[in-house]
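1. my questions concern the predicted model and sequence given below.
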Amino acid sequence: MNSQVQSYVQTPAKLCEQGISLAIPCYQRPYVWPSSDVGDLLEQIILASERDGDDQPAQEHYFFGTVLTSEVPAGSSSDTGIVYELIDGQQRMTTLMVLALALCSLLPSSPLRALVVLGDAPRLTFNIREEVQARLSAWAGLTAETEPDEKDVANPYLMHLSAARKVACDRFKRLKAEGGEQALERIGDYLFNRVTWVNNVMPAGMDLNKLFATLNTSGLQLEQTDILKARLMKCIKQNRATYQGIWQACEDMGNYFEKNLRDVFAGTHWRTLRFNDLADHSIHYFSLERPADGYPKGRTISEILSMKVQEEAVEVESEKDEARYQSLVSFGLLLMHAYRIYRHSQNMPDIGSRLNDSNLNECFSGFVETATAAQAKAFIECLWSVRFQFDRWVVKWVRLGEEDERTLRLSTINNRSKGNGPDWRTVTQDTCDLSQLQSMRYLTGERSAQYWLTPFLGRLVDTPDMKEHQVLALLEQIDNQLSLTEMTQKEASYRLLSNDTAEPVSIATTVSHLKEPNGTGFEHYWFQKLEYILWRERGTFDWLDLEKLHLYRITSKNSIEHVHPQNEEFRRTLPDDLLHGFGNLVLLSPGENSSYSNLAVLKKQAAFRAKPKYDSLKLAHMFHVLGKGDSWGQEQIDEHEKAMLLLIEAHYGR
């Protein structure tokens, strides 16, 4: 019996070539990926498949991660050839199948058709989940698809799957509208041949339930940032412990920077310092004779295989009434933004690779091979300044006290107090314009890159004494430029480091586009941008409920919905130019949309008004225009659309 882990590099094409099917075992949890993560993944794959001029060909492969499987003995559960039971990685592999199913619904001739179906059944099977299997079969065209009822909508094994497929279908429709069927063929071919993962097949005879439980309590780590750190530290001979300490304080993204500094530079005379004294590194205040204690590392697969699962539950330390934090970006991505800012300060051109933390070591390869000690130190000192401004002015996901969910929040700073560490910072309860604008920027565009952070943080490092209204004006200017430029977001964001314009087109061009009946082909950005503008100008509107407004935050939304439904329950219809126009559309989350479904407009209005907070400020204005009337037709749609487009024009003209 082979006791070794066997590893294979696989693609969808290889699964089809080798007749491999995948099974989700009964002990796995439901599919839970939020639709925003599905959209982000698809956007990354689309970008990887595109050429970015002659200098940036399509990525040869898009690495999808690593999965752990166990081969099911022949004849035990399937008539197909090879069956792999997914121990770890079912969320990613299910997402891949959903993307393939969505594309095949628009392009049945895609090679992905071979991926989703094997013989007369779906290639991916869910053991004992008949309702999931039925839905996959219907999406693959093997059986008739039925309209989901209320029970299906609430089914935990179906709700995220349905939301994921809708997000993927909407994005593929926009891709087709922009580039025709050729664009769909390109992404279909890339998904089939170039999306790659490593399949680690566990040896036969293992207790898979025990391994699964061990994986859930141990975790795996493979950090490119550790490799980069080692290569940079090789360049530094003097004060190496100090620069290792700076790196350690910067890399912990789960807490605020000043807290990390206190942990690493424990011997500093904190009572002599104010908060703004941390803006730049000072060797006088922050130095180390020897490396600070590091963080524990994860376990290898071999170590996990040799572990015994504890029978008794581990007691988890209670969180008390403290804030818990999560960064918008990974440390790897922050390093790439800091490196762009450093290069700009040295009058060097931008990095060549796309911003994605999977490209981290490729991005730094030339620098670490030739950097002097002074250059390596200068970059790490730049990283300090960038991390300080990042924590000072960029929102974090925060969970306060007894809250179940994190929300994006800023904090206020007391700079008058010396040495009080935690007392310097107070996480704000109320929502401000700057946090809403950052939420909008974060939730739109390339989530894996966040290009706006480069000019935003770079300008803050150059001018560290800005007040909040100045920081807001800076980010509004950056956001407006990035939203109208015809450059790539990467090129435009680097140019904005110099306070230049990014050659934006006139806002009139965008407004003309928003007047066309593009339906789900509209960019989500313009709906979210309008939410920010409505929020910013909230004091000028008398139709907003202040209590509901106080609870409102810009959140992840990725489903363009028709307020007058395409298939209205009473079969009332609108002309296509009104039905698919900007004035009849709103951006919602799949959950919010399911609560409205195909209800008549008046029923939607009643349901909207019964909620304790606003789903959408645009929708609030639509139902304000509708008022107590009984008709949502051309007059009302035109009135709403005209008001919204005037607000957009005014914001850009300010």
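-> Yep, it's here.
2. just the endpoints, please. Distance across stretch 145-156?
-> With Cα to Cα, to the nearest Å as the measure, stretch 145-156 spans 19 Å from end to end.
3. let me know the average pLDDT across that stretch.
-> Mean pLDDT, computed over stretch 145-156, is 67.
4. mind starting the numbering at 436 from now?
-> Got it, the first residue is 436 from now on, which makes the last one we talked about stretch 580-591.
5. for whichever strand or helix holds residue 918, buried residues please.
-> Using DSSP states H and E, residue 918 sits within helix 903-919. Neighbour-count burial for helix 903-919, counted by 16 or more other Cβ atoms under 10 Å, picks out 906, 907, 909, 910, 911, 913, 914, 915, 916, 917, 918, 919. (Each C-beta comes from the backbone N, C-alpha and C, glycine too.)
6. let me see the ranges of the helices in the stretch 786-935 of the chain.
-> Taking DSSP state H, counting those that start in this stretch as the criterion, the stretch 786-935 of the chain contains helices spanning 795-805, 808-828, 868-878, 888-897, 903-919, 924-930.
7. how about the stretch 986-1089 of the chain?
-> Using DSSP H, counting those that start in this stretch, helices in the stretch 986-1089 of the chain cover 1011-1014, 1025-1031, 1036-1045, 1052-1061, 1069-1088.
8. most packed of the ones you listed?
-> helix 1052-1061 (a mean of 21; mean count of other Cβ atoms under 10 Å).
9. against which helices or strands is the longest strand along the chain packed?
-> When the chain is scanned for its longest strand (criterion: DSSP state E), the result is strand 497-506. If contacts are counted by 3 or more Cβ pairs under 8 Å, 6 or more residues apart in numbering; DSSP states H and E, strand 497-506 sits against helix 470-484, strand 517-523, helix 525-541, strand 630-636, helix 643-653.
10. from these, which stretch is densest packed?
-> Of all the helices and strands packed on strand 497-506, helix 525-541 has the most neighbours on average by mean count of other Cβ under 10 Å, namely a mean of 23.
11. who touches it?
-> For helix 525-541, the external contacting residues (Cβ atoms under 8 Å, 6 or more residues apart in numbering) are 447, 457, 459, 463, 466-468, 473, 476-477, 480, 499-500, 502, 521, 545, 547-548, 550-551, 557-559, 571, 574-575, 596, 599-600, 603-604, 607-608, 611, 619, 622-623, 626, 630, 632.
12. narrow the residues you listed to those that are buried.
-> 447, 457, 459, 463, 466, 468, 473, 476-477, 480, 499, 502, 521, 545, 547-548, 550-551, 557-559, 571, 574-575, 596, 599-600, 603-604, 607-608, 611, 619, 622-623, 626, 630, 632.
13. narrow those residues to those in strands?
-> 457, 459, 499, 502, 521, 557, 559, 630, 632.
14. does the last one really touch residue 504, like I thought?
-> No. With contact defined as Cβ atoms under 8 Å, residue 632 does not reach residue 504; the gap is 10.6 Å.
15. identify the contacts common to those two.
-> Residues touching both residue 632 and residue 504 (Cβ under 8 Å, 6+ apart): residue 524.
16. any weak-confidence spans in the stretch 486-635 of the chain?
-> 487-492, 509-515, 563, 582-589 (pLDDT under 70).
17. distance between the ends of stretch 925-935?
-> Across stretch 925-935, first to last residue, Cα to Cα, it's 14 Å.
18. other residues contacting that stretch?
-> Outside stretch 925-935, the residues that touch it by Cβ under 8 Å, 6+ apart are 775-776, 779, 785, 789-790, 884, 886-887, 889-890, 893-894, 913, 916-917, 920, 922, 936-938.
19. try 7 Å
-> 775-776, 779, 785, 789-790, 886-887, 889-890, 893, 913, 916-917, 920, 937 (Cβ atoms under 7 Å, 6 or more residues apart in numbering).
20. need the worst-confidence member of these.
-> residue 789 (86).
21. just give the number of residues close to that one.
-> Residues lying near residue 789 (other Cβ atoms under 10 Å) number 22.
22. ok, now residue 597?
-> Residue 597: 20 neighbours (other Cβ under 10 Å).
23. same question, the one 4 residues further on
-> Other residues near residue 601 number 19, with proximity taken as other Cβ under 10 Å.
24. could you check how far it is from residue 712?
-> 50 Å (Cβ to Cβ, to the nearest Å).
25. which residues touch the residue positioned nearest the centre of the chain?
-> In the chain, the C-alpha nearest the mean C-alpha coordinate belongs to residue 882, at 4.5 Å (Cα atoms, centre = their mean). Residue 882 makes contacts with 475, 478, as judged by Cβ under 7 Å, 6+ apart.
26. low-confidence regions, the stretch 836-985 of the chain specifically.
-> Ranges of the stretch 836-985 of the chain meeting pLDDT under 70: 836-839, 854-857.
27. run the last query once more with 80
-> For the stretch 836-985 of the chain, the stretches flagged by pLDDT under 80 are 836-840, 850-858, 864, 880.
28. what angle do the longest helix seen in the chain and helix 525-541 make?
-> Secondary structure of the chain per DSSP state H: the longest helix is helix 594-628. What separates the directions of helix 594-628 and helix 525-541 is an angle of 80 degrees, with axes from the mean of the first three to the mean of the last three Cα atoms, to 10 degrees.
29. quick check, residue 1011 in contact with residue 954.
-> No. At 8.6 Å, residue 1011 does not count as touching residue 954 under the criterion of Cβ atoms under 7 Å.
30. how much space between residue 1023 and residue 996?
-> Relative to residue 996, residue 1023 is positioned 5 Å away (Cβ to Cβ).
31. ignore what I typed, I meant residue 591.
-> In terms of Cβ to Cβ, residue 591 sits 23 Å off from residue 996.
32. more crowded one of the two?
-> Legend: neighbour count by other Cβ under 10 Å for residue 591 and residue 996, higher for residue 996 (22 against 10).
33. give me the sheet partners of the longest strand of the chain and which way each runs.
-> strand 517-523 (antiparallel), strand 630-636 (parallel) (DSSP bridges).
34. residue 708 is nearest to which of the ones you listed?
-> The minimum distance between residue 708 and the strands paired with strand 497-506 falls on strand 517-523, with 45.1 Å, by Cβ to Cβ.
35. show residues contacting the helix holding residue 918.
-> By Cβ under 7 Å, 6+ apart, helix 903-919 touches 828, 868-869, 872, 876, 886-887, 890-891, 894, 924, 927-928, 931, 936-937, 939-940, 942, 945, 960, 964, 1087.
36. also stretch 976-987?
-> 973, 1047, 1048, 1049, 1052, 1055, 1056, 1059.
37. what would the residues you listed look like in JSON lines with distance to residue 534?
-> Formatted as JSON lines, the contacts of stretch 976-987 follow (distance: Cβ to Cβ, whole Å):
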{"residue": "973", "distance to residue 534": "38"}
{"residue": "1047", "distance to residue 534": "35"}
{"residue": "1048", "distance to residue 534": "32"}
{"residue": "1049", "distance to residue 534": "32"}
{"residue": "1052", "distance to residue 534": "31"}
{"residue": "1055", "distance to residue 534": "34"}
{"residue": "1056", "distance to residue 534": "34"}
{"residue": "1059", "distance to residue 534": "38"}
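38. how about those residues, which pair is most distant?
-> Spatial extent of the contacts of stretch 976-987 (Cβ to Cβ) is set by the pair 1047 and 1056 at 18.7 Å.
39. how does this structure divide up, domain by domain?
-> What automatic domain parsing lists as the domains of the chain is 441-653, 659-718+756-933, 942-1088.
40. adding distance to residue 724, write these out as CSV.
-> Compiled in CSV, these are given as follows (distance: least, Cβ to Cβ, whole Å):
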stretch, distance to residue 724
domain 441-653, 34
domain 659-718+756-933, 6
domain 942-1088, 46
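41. residue contacts, the closest residue in space to residue 689 that isn't next to it in sequence?
-> Excluding its sequence neighbours, the residue lying closest to residue 689 (Cβ to Cβ, 6 or more residues apart in numbering) is residue 760, at 6.0 Å. Each residue near residue 760 by Cβ under 7 Å, 6+ apart is listed here: 689, 690, 691, 831, 832, 833.
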